[in-house]
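Chemist: need coordinates for the below:
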Amino acid sequence: MLFRDALEPFIHRSPITVMVRGTLENLLRPENLDALFEETADQQYTRKILFSSLVDLMGLVVCKVRPSMRAAYLAHREPVGGTLKCVYEKLNHVEPGIASAMVRRLYGEAAAVVDALDGKRPDWDAEYNVRILDGNRLTGTEHRLTELRYTKQAAMPGQSLVVLDPARDLVCEVIPCEDAHAQERSLLDPVIALVQKDDLWIADRNFCTAKFLFSIATKLGYFVIRHHGGSFGWTAVDERRRIGRVATGTVYEQTIQAEYEGKPWKLRRVTVVLDEATKDGETEIHVLTNLPPEKVDACTVAEWYRKRWTLEGVFQDLTVSLRCEINTLGYPKAALFGFCTALVAFNALSVVKAALRSEHGATKVEEEVSDHLLAAEVAAVHEGMDIAVPDRVWVEFQTLTPKALAQTLKQLARRVDLDRFRKHKRGPKKPRPKRKSGSGCTHIATARLLNARKAKAKTP
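Modeler: Now for the predicted structure:
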């Protein structure tokens, strides 16, 4: 590595930051991003500010290196080539299709690196291309827009359907929507267009529609989707029978028949009778699948459905470890672009974790390494490294092939001390005691309560 000398102090002190920055440099090559913009843009065009410059600025915000777009611009305004007003004008008009294409294109490049690392997670069946689907609504923004200043209601700038490749731990698709009140089912047509042979789609009951399920089956794909009772009519072919147990309850299965566009379909209906009711009081969960029973038994179906929460973990990382919801961006297009940029940053972090799995073992990394601490390390070290390391050093990362980048990341992964990023698992939560109101006062002195505890402890 020709860049070894310039980066050696940071490789010694924080190899994780070098790995993440190098991966982002490789994925976010400016010429590729600008070419993507020209190919995908419908109405937008380039005048002064390049699309790649906008991605660079937003990347600093979503990675928590800078607190806002304004702060990112002031720190890097020379290479941007335009005023702050021009930056916001371009940001507020980024077409959702461009942001979606960016996530899709860079997923392919990130997946190639993960495969070269042999860094897939081992807990998924290699026979199927597993895809987990879920929706995400962006939280309310500040009321900066004129139209928002006269309402107390939360201003929600948009939502997305997100598709996760759990074997590689990469987000592979996003369907952005500017209307936060739109029903998630109304966004399923673009998802249906993504289905390929031998895909296995896992989703919650909100996506249980006849059109979605049977479109997957028509394309020779498979699904494990929770049954929504009112989604379509069905009849039982046989009685449900007990199959076995999983961690959360007893598993039963029966065959049902439904009809779509005049064609009968037979499905497996897997039921988990829960040991403990859900927070909504439900004692049973029903899952529909067309997986062949001779290959995948009902208990495995139940376990695979339960692991759909992997995507919920991604949303938590996007919110806590990264900054996917920027409350100062009120325009829907800008907010959705920020969310998609956070997805790209998450994928870069996942590539780095794949390198760690390759060198330190999948079990150790998955069970012990904290994504939050990894992201915090990058945010803390990035600025100093940006000052100390010339830009020309990072150009070499941009030219690496997936195989060469994988080899470089593996070398750097050997230098990582995983104990610095160990998860701190808390014990079981104590039941919350019933609180009593004070006698006229709205506050209390903590020191007096502690002194009372000490006095009580000394009392024989």
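Chemist: residue 379: which element?
Modeler: Element membership for residue 379, per DSSP states H and E: helix 371-388.
Chemist: buried residues in that helix?
Modeler: Neighbour-count burial for helix 371-388 flags 371, 373-375, 377-379, 381-382, 385-386 (criterion: 16 or more other Cβ atoms under 10 Å). (Each C-beta comes from the backbone N, C-alpha and C, glycine too.)
Chemist: between these, which sits nearest residue 228?
Modeler: Residue 228 lies nearest to residue 371 out of these, by Cβ to Cβ, at 31.9 Å.
Chemist: returning to that earlier point: redo the buried residues of helix 371-388 as a markdown table? Include pLDDT and distance to residue 266.
Modeler: Compiled in a markdown table, these are given as follows (pLDDT from 0 to 100; distance: Cβ to Cβ, whole Å):
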| residue | pLDDT | distance to residue 266 |
| --- | --- | --- |
| 371 | 90 | 41 |
| 373 | 92 | 48 |
| 374 | 92 | 46 |
| 375 | 92 | 46 |
| 377 | 92 | 52 |
| 378 | 92 | 50 |
| 379 | 91 | 52 |
| 381 | 92 | 56 |
| 382 | 87 | 55 |
| 385 | 89 | 58 |
| 386 | 86 | 59 |
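Chemist: for the helix holding residue 379, name the packing helices and strands.
Modeler: helix 4-13, helix 15-27, helix 309-320, helix 332-360 (3 or more Cβ pairs under 8 Å, 6 or more residues apart in numbering; DSSP states H and E).
Chemist: average pLDDT for the second one?
Modeler: Summarised as a single mean, pLDDT over helix 15-27 is 94.
Chemist: other SSEs contacting it?
Modeler: The contact analysis (3+ Cβ pairs under 8 Å, 6+ apart) places helix 15-27 against helix 4-13, helix 96-117, helix 332-360, helix 371-388, helix 391-398, helix 402-413.
Chemist: same thing but 6 Å
Modeler: The helices and strands touching helix 15-27, judged by 3 or more Cβ pairs under 6 Å, 6 or more residues apart in numbering; DSSP states H and E, are helix 4-13, helix 332-360, helix 371-388, helix 391-398, helix 402-413.
Chemist: hmm, who's touching the third one?
Modeler: Residues outside helix 371-388 that contact it (Cβ atoms under 6 Å, 6 or more residues apart in numbering) are 10, 14, 16-17, 20, 64-65, 317, 320-321, 421.
Chemist: can you add neighbour count and distance to residue 160 and give those residues back as JSON lines?
Modeler: Below are these laid out as JSON lines (neighbours: other Cβ atoms under 10 Å; distance: Cβ to Cβ, whole Å):
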{"residue": "10", "neighbour count": "19", "distance to residue 160": "34"}
{"residue": "14", "neighbour count": "21", "distance to residue 160": "32"}
{"residue": "16", "neighbour count": "27", "distance to residue 160": "28"}
{"residue": "17", "neighbour count": "22", "distance to residue 160": "28"}
{"residue": "20", "neighbour count": "24", "distance to residue 160": "23"}
{"residue": "64", "neighbour count": "17", "distance to residue 160": "21"}
{"residue": "65", "neighbour count": "19", "distance to residue 160": "24"}
{"residue": "317", "neighbour count": "19", "distance to residue 160": "15"}
{"residue": "320", "neighbour count": "12", "distance to residue 160": "18"}
{"residue": "321", "neighbour count": "23", "distance to residue 160": "18"}
{"residue": "421", "neighbour count": "20", "distance to residue 160": "29"}
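Chemist: and the furthest pair within these?
Modeler: Using Cβ to Cβ, the contacts of helix 371-388 reach their maximum pairwise distance at 10 and 320, which is 25.0 Å.
Chemist: before we move on, the earlier item: mind putting the helices and strands packed on helix 15-27 in a markdown table, distance to residue 191 included?
Modeler: Below are those laid out as a markdown table (distance: least, Cβ to Cβ, whole Å):
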| stretch | distance to residue 191 |
| --- | --- |
| helix 4-13 | 41 |
| helix 332-360 | 16 |
| helix 371-388 | 26 |
| helix 391-398 | 32 |
| helix 402-413 | 27 |
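Chemist: so residue 255: helix, strand or coil?
Modeler: strand (DSSP: H, G, I helix; E, B strand; the rest coil).
Chemist: find the nearest non-adjacent residue to it, please.
Modeler: Nearest residue to residue 255, sequence neighbours excluded (Cβ to Cβ, 6 or more residues apart in numbering): residue 237, at 4.1 Å.
Chemist: tell me the pLDDT of the one you found.
Modeler: Residue 237 is assigned a predicted lDDT (pLDDT) of 94.
Chemist: pretty sure it contacts residue 253?
Modeler: No. Using Cβ atoms under 6 Å, residue 237 makes no contact with residue 253, being 11.5 Å away.
Chemist: between these two, tell me which one has more neighbours.
Modeler: Ranked by neighbour count (other Cβ atoms under 10 Å), residue 237 and residue 253 place residue 253 first, with 22 against 12.
Chemist: beta partners of that one?
Modeler: Beta bridges link residue 253 to residue 241, residue 270 when assigned by DSSP bridges.
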